[in-house]
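Chemist: Structure for the following, please:
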Amino acid sequence: MRGAALSSTSIIIALVIAAALILISPLVTLTERNDNVVQENVKVIVDEFVADVQNTGKLTKTKYQNFVEKLNATGNVYDIELEVQHLDENPGKKTTQANYTKIGENVYYTQYTTQVLESLEQGSMLLEPGDNIVVSVKNQNSTAAQTLNASFLGITNSDTYVIYAEGAGMIYVKGTE
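Modeler: Alright, predicted model coming up:
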């Protein structure tokens, strides 16, 4: 009698575990696919933002706010890093009769996120051909997939990001007001 009770309990536990796995596995897969879709959307948002700045030579507070709003619409919180590299042409010209050549090389000076945002508070940032913009975005919050993995599978990677996108480009035109 005791052996029958033990096997019934074992069967019930096995059925509960199997049912949990049957329900949890698709849920984890679905949330991981959602992260992949969000990853691709964030990459498109970053690429569009960089292309807009490249093609207009202008970075404005409105453009940046629209960029942030599009990112926030994905349901995550992001760490956004901006880098604007300004071309500082320092040719050091040497003249000979009717011919001159450049001596030296072009140098860039860089403005980072806080400096760029301060400039945007004071107005738009006009860029020159040859300047570069670099934008990187990564999620700060735990995604649904990270939360499920931590809860059900014991995988704790909540301090790492899973959604990351970077875009960079050279400015094509001189920005105008």
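
Chemist: Who are the packing partners of the longest strand anywhere in the chain?
Modeler: Counting residues, the longest strand in the chain under DSSP state E turns out to be strand 78-88. In terms of contacts (3 or more Cβ pairs under 8 Å, 6 or more residues apart in numbering; DSSP states H and E), strand 78-88 is packed against helix 61-72, strand 107-112, helix 113-122, strand 132-139. Backbone N, C-alpha and C define where each C-beta goes, glycine included.

Chemist: 10 Å instead?
Modeler: Helices and strands touching strand 78-88, by 3 or more Cβ pairs under 10 Å, 6 or more residues apart in numbering; DSSP states H and E, are helix 2-56, helix 61-72, strand 107-112, helix 113-122, strand 125-126, strand 132-139, strand 164-170.

Chemist: between those, which gets nearest to residue 145?
Modeler: Distances from residue 145 to each of the helices and strands packed on strand 78-88 were compared by Cβ to Cβ, and the smallest falls on helix 2-56, at 3.9 Å.

Chemist: pLDDT score for the spatially most central residue of the chain?
Modeler: Taking Cα atoms, centre = their mean as the criterion, residue 137 is the residue nearest the geometric centre of the chain, at 2.1 Å. Among the per-residue scores, residue 137 holds a pLDDT of 97.

Chemist: didn't it look like it was pressed against residue 38?
Modeler: No - with contact taken as Cβ atoms under 10 Å, residue 137 and residue 38 are classed as non-touching, separated by 11.2 Å.

Chemist: so what sits against both of the two?
Modeler: By Cβ atoms under 10 Å, 6 or more residues apart in numbering, residue 137 and residue 38 have these common neighbours: 71, 76, 163.

Chemist: just those residues now: which is nearest residue 126?
Modeler: residue 71 (24.2 Å).

Chemist: if I pick that closest one, what's in contact with it?
Modeler: Applying Cβ under 10 Å, 6+ apart to residue 71 gives the contacts 38, 41-42, 45-46, 49, 77-78, 80, 137, 139, 163, 165.

Chemist: quick one: it from residue 35, how far?
Modeler: Applying Cβ to Cβ, to the nearest Å, the value for residue 71 to residue 35 is 15 Å.

Chemist: go on, residue 115?
Modeler: Using Cβ to Cβ, one gets 32 Å for the distance from residue 115 to residue 35.

Chemist: Alright, that wraps it up for me.
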